[in-house]
Structure formats: structure tokens, C-alpha cells
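# no sequence on hand, only this structure:
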């Protein structure tokens, strides 16, 4: 007998009704935190923005208005009410909603008291970090005991831990510590001079940008930072602290970047243990933690690069204007932040070409989309260099050079030595070497890349004696997983496997090759120690982490020996992540810091 159609829908069978009833019953009996985890999971970037905004209370202690101190209270109360409203619409027919609202109010009041007390008796950043990590560990243990330790929940806990490290680190830092080309407040130079110029004058530089240090950079990050200074002034935060809080902005960029990496890994086929390993390596990567605390434009440019790649893959799977516009905005705004974002262009162009010739019957659709891409991307991305070229004769690819008289100059070292010398003397101290404070000037771009990827230029045992020993573990674990990741990349790019399609291989290869070659060209065109830095090659770390996860995922499907190899890789990654967290925990203890900065 045919089902009768009523109101456009066929009536449900008895089996369907029974299944629906069971599903509703499971939803009703599901703990509230499961719904909250789902809510956060669906809105990760918005959640990160909210938490970064409320973190201003801890980064501005003693320099913040009383009205602003109430923000965490109001925020938690509002989140509690919103969560209760969300849960009340999930057909939970018991008193959980009422209880949750009451607990939200109580927790909000407690947090208000804590914040007020913190403003009078501030705690060391390391204490906040350790307390937060203990909570994360407690939740992890609880979820494990109750058999709710899903991949999603593990990723959320790793994100929380990574965020805590970032907040603790920027709370520890002063505005002029461990920065790149930041400058001094009121001096009119460096990145802070650029931001202050926009903040006070409300317009772009109306002069030759070559005449002021660091003003040659594209201005988007500096515009956002100036706007952030203005918002903080409305909140009653003093100016010096507001400048320090620019690090909250870059921390947000860092968190968004690691979330984009997670989405990229998912799009490229990682799941389960492989996804967790790859994500953990990125979440705890010292390079991304350090760049998140650097108040210049590096982190935002990386964020846009990752956004462009993620949306390119999404577009290839679902070729709509929505994703094409997202790609154009990411590349355009990225180049409006830092011109080096152009390095994603060859990989994206490759995907466009493959899509076009693979579906020639729809060539009109593709041509229209490519025209839209150029119409959006080109004006935004090329506005700054063309403006300076036409107005002041500044070359479009202008980058200032340090003098050959600089103590950092390494152009007098033979090219073969810089390329192929991996002598043990370069590893007696795993910190980045400068002749003014170390044994020599770092000269090998690859060695310098590994060193700066974990310590940048500022985290050295002379400043932080407490990291001695742990820094060696962190460095060599980074070298080990870096080499394994590179080997896995070569294997999967050459070997025909179902894990990676031809298009995905081309995208990854071109991105890696362009960034790697550009890094080396930069190191030799500008032969100074400061140019040999991993912050100019972050996509290499992301790609390496992906192939680590892919290797673990691939080997786990094989026999006992391959499974053991996957466990070895996983162990190396755990050592890397744990030592990274420990080093930053030690750095955040001010008692360990070297006072002679």
C-alpha cells in the first residue's frame, strides 16, 4: 500500500517514529556540556574572539576602568542565558535548564570576585597557565572515564590549552620584549610608530614611506591595530597598556590560524589519531605562539594565507561564487597586510587551471568567476604598492636593506658554506646565534629556520636559565618531526595513494616549493641574521604537520611494524608538544627571566 501524502509529506512509519523517539530520549538524557561543546564547536572562531576580548582584563590588570572589569561578569552571565535558551529548545523536559541558569549566575559572580581580586593582587602568568592547564587535564580525565573522549572533544581541549599558553605568554611580555621591528612608543618609527601615525592622523602616510622605518609595509594590520587602540580608549584603558594589548589582536589571529589549519587538515582527509597529531603539532608550535605575541603584521598575513588555501579547496569541491569571493578577499586583504602573501598565488592558480580544463563545457562559468576574483583581489592587493610607485616612485617590491657594516652581516660567508655546512659547532647552543651575544652569527638558513621555529631570537638560556635541558629536548624533537614530515611529504607526493588526489598534491607541492625557494632567495638577497627566520616560512610547518598526521593515519592501517612506526611518530610529536608547553611555562615565570633585556 502506498503511503498517503498529507501536507506535502508522507506519514512516518512505526520504525521511523520509534527511531525518532529514541533519538529524542538520548538528546534529553545527554549532559548539558555536550550541547555546549557542540555550540562552541560550531562557532570556534566567534568563541575565540569572545574569549580574546574578555582576556583584556588579565592583560590590563591595574590599568583598566572599573566598568571594563565587569565585562567578564556580564559576558559569562550573557553566555549562560544564551546557552540556557539554546538548551531549552532541545526538548530537554527536566530541570536542567533552570539549574544551568543558576549555575551560570553563581559562576559569573565568582568570576567577578576573582577579577576584582586579581586587579588588586595580580598572579604570575605561569600560575594562571598552570591552573588553566590543570582544569583542561581534569576535563580530559573526566571525559576519558565517562567514555566521551571523542576526536572533537580532544581537539577542543587542545585548542583550550594552546589558547591558555598564548594568553599567559602575552600577559608576561612587556611591549618591547621579543618583538620584531616594533619600535618605541612615541618615537614615530617601527610598527608602533606606523600604528600611532594612523591612530592620531586618521589617514595613510602622505609621504615617501622609505623615509620612515617600517612604514613601507602594507597597512591593513596597522589600521586594525589603530582601531583597536581607539576601542580601548573608550574602555578606559591607559595608552601604554592599550599598545601592549595589540598582542591580543595578534593572539586572535594566531588562534584563527590554528583553527584554519585544523579545517585544512580535515579537508585534506585527516581524521582520528592522524588529525589529532597534526593539529597538536600546530596548536603547540612555538613559532605560532611567538608570532601570536608579536605585534607586527606577520601573524595576520599567515592567517590570510591559510584562509586562501582552505577556501580554494572548498571552491574546488563546490565551485560557487561564495568561495571564489572568499579566496579573492583572503589574497587581496592578505597582500594589503603583507605583500609576501602572493606566495599562495601559484598554488591557487594551479587549482583554477585544473578545474577549468577538467570541465571545459562550463568554461563561461569559470571565466566569470575568475574575472570576479581579479576584480576583487587585484585592487585590494595591489593598491598599496601601486599608490607608492605612482606617488613617490617606490619600487613595488621594495624592502629596505641593512648595511654591510651591521654586526648581523653574513654576506662575506661563502655560499657553499651557508648551504651545506651542518657542523656540530652550530648545535652547541640551540638558540639563534648573534655575534653580539653568542658564539657566532647564524649563517645556515636551514639551521636558523629550525632554531627560530622553536625559540625565535629571544628565548635563550642566557635570559631564561630555567629552560636549560628542556630547550634541547624541544629543539631536537622539532628537528626529528621536521625530517619525518619532510620524508612523509616526499613519499606521499611521489607514490600513488588514495589519500591525496592529483590536484591536492599539486596544491601542496607548489605552496611548499614557492615558500621554500622564496625563503632561501630572501636569505641570500638580504644576507643578515635577522632574515633567516621561520616567520618567513610558516606554511612549511603547516605542511609538515599535515604529512606527520597523514603518515600516522596511513601506518595505523598497516601491519604490526608499520603500526609501531606510527606510535614512534606519535611519541615524538607528544614530546615536542609537551616540551613546548613546558618551555613557555618556564618563560612565563618572571623569576626565571634575565633582567638585563
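Noted; the coordinates are in hand. Just so it is clear, the model here is predicted, and its values are computed rather than measured.

# residue 406 and residue 205, how far apart?
Separation of residue 406 from residue 205 (C-beta to C-beta, to the nearest Å) stands at 26 Å. In this view, the C-beta of every residue, glycine as well, is placed from N, C-alpha and C.

# the two: who's more crowded?
residue 205 (18 against 12; other C-beta atoms under 10 Å).

# which SS class is residue 251?
For residue 251, the secondary-structure state derived from DSSP: H, G, I helix; E, B strand; the rest coil is helix.

# what's the neighbour count on it?
Residue 251 has 27 nearby residues by other C-beta under 10 Å.

# ok, residue 372 next?
Residues contacting residue 372 under the criterion other C-beta under 10 Å number 14.

# what's the burial count for the nearest residue to it once chain neighbours are set aside?
In space, and not counting its chain neighbours, residue 372 is closest to residue 324: 6.1 Å by C-beta to C-beta, 6 or more residues apart in numbering. By the measure other C-beta under 10 Å, the count of residues near residue 324 is 22.

# element containing residue 324?
Per DSSP states H and E, residue 324 falls inside helix 321-335.

# residues touching the residue nearest to residue 372, list them.
Neighbour list for residue 324: 315, 369, 372, 373 [criterion: C-beta atoms under 8 Å, 6 or more residues apart in numbering].

# help me confirm that the last one comes into contact with residue 328.
Yes - the pair residue 373 and residue 328 passes the contact test of C-beta atoms under 8 Å, sitting 4.6 Å apart.

# higher neighbour count, the two?
Neighbours were counted for residue 373 and for residue 328 using other C-beta under 10 Å; residue 328 has more, 25 against 21.

# please, which helix or strand holds residue 368?
helix 363-392.

# now residue 582
Applying DSSP H and E as the criterion places residue 582 in helix 560-587.

# what packs against that helix?
Where contact means 3 or more C-beta pairs under 8 Å, 6 or more residues apart in numbering; DSSP states H and E, helix 560-587 is packed against helix 125-145, helix 151-172, helix 272-283, helix 286-292, helix 470-494, helix 538-555.

# who touches the third one?
Around helix 272-283, the neighbours that count as contacts under C-beta under 8 Å, 6+ apart are 151, 154-155, 158-159, 161-162, 258, 261-262, 265-266, 270, 288, 481, 541-542, 544-546, 548-554, 556, 566, 569-570, 573-574, 576-577.

# any low-confidence regions in the stretch 451-597 of the chain?
590-597 (pLDDT under 70).

# give me the angle between the helix holding residue 368 and helix 321-335.
Angle, helix 363-392 to helix 321-335, by axes from the mean of the first three to the mean of the last three C-alpha atoms, to 10 degrees: 20 degrees.

# so which elements touch the helix or strand that helix 363-392 is followed by?
Using DSSP H and E, the helix or strand that follows helix 363-392 in sequence is helix 415-420. Taking 3+ C-beta pairs under 8 Å, 6+ apart as contact, the helices and strands that helix 415-420 lies on are helix 502-525.

# can you rerun that using 10 Å?
Helix 415-420 is packed against helix 445-455, helix 502-525, with contacts defined by 3 or more C-beta pairs under 10 Å, 6 or more residues apart in numbering; DSSP states H and E.

# tell me which of the ones you listed is the most buried.
Of all the helices and strands packed on helix 415-420, helix 445-455 has the most neighbours on average by mean count of other C-beta atoms under 10 Å, namely a mean of 24.

# so how far is that helix off the chain centroid?
Chain-centre distance of helix 445-455: 18 Å, with C-alpha atoms, centre = their mean, to the nearest Å.

# let the chain start at 338 from now.
New numbering, starting at 338: the last item is helix 782-792.

# relative to helix 875-892, how tilted is it?
Using the same axes, to 10 degrees: helix 782-792 against helix 875-892 is 80 degrees.

# what is helix 782-792 packed up against?
So helix 782-792, by 3+ C-beta pairs under 10 Å, 6+ apart, packs with helix 623-629, helix 752-757, helix 807-831, helix 839-862, helix 875-892, helix 897-924.

# mind putting these into a markdown table with distance to residue 585?
Shown next, in a markdown table, are these (distance: least, C-beta to C-beta, whole Å):
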| stretch | distance to residue 585 |
| --- | --- |
| helix 623-629 | 10 |
| helix 752-757 | 38 |
| helix 807-831 | 26 |
| helix 839-862 | 28 |
| helix 875-892 | 20 |
| helix 897-924 | 17 |
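
# quick one: closest of these to residue 692.
Nearest to residue 692 among those is helix 839-862; the distance by C-beta to C-beta comes to 8.1 Å.

# how far off helix 875-892 does the closest one point, in degrees?
140 degrees.

# which other helices and strands does helix 839-862 contact?
Short answer (3+ C-beta pairs under 10 Å, 6+ apart): helix 839-862 packs on helix 635-654, helix 682-695, helix 752-757, helix 782-792, helix 807-831, helix 875-892.

# 6 Å instead, please
helix 682-695, helix 875-892 (3 or more C-beta pairs under 6 Å, 6 or more residues apart in numbering; DSSP states H and E).

# pick the most deeply packed of these.
Mean neighbour count (mean count of other C-beta under 10 Å) peaks for helix 875-892 among the helices and strands packed on helix 839-862, with a mean of 25.

# list the contacts of that helix.
Contact partners of helix 875-892, identified using C-beta atoms under 6 Å, 6 or more residues apart in numbering, comprise 598, 602, 607, 610-611, 614-615, 618-619, 622, 624, 639, 818-819, 822, 825-826, 836, 848-849, 852, 899, 902-903, 906-907.

# tell me the angle it makes with helix 609-620.
When the same axes, to 10 degrees is applied, the directions of helix 875-892 and helix 609-620 differ by 160 degrees.

# next one: helix 875-892 to chain centre, how far?
On C-alpha atoms, centre = their mean, the centre of helix 875-892 falls 16 Å from that of its chain.

# what are the buried residues along stretch 707-725?
For stretch 707-725, burial by neighbour count (16 or more other C-beta atoms under 10 Å) applies to 707, 710, 713, 714, 717, 718, 719, 720, 721, 722, 725.

# closest to residue 857 among those?
The closest of the buried residues of stretch 707-725, once distances to residue 857 are taken by C-beta to C-beta, is residue 722, at 23.2 Å.

# wait, the closest one sits on residue 735?
No - at 7.9 Å, residue 722 and residue 735 do not qualify as touching, with contact defined as C-beta atoms under 6 Å.
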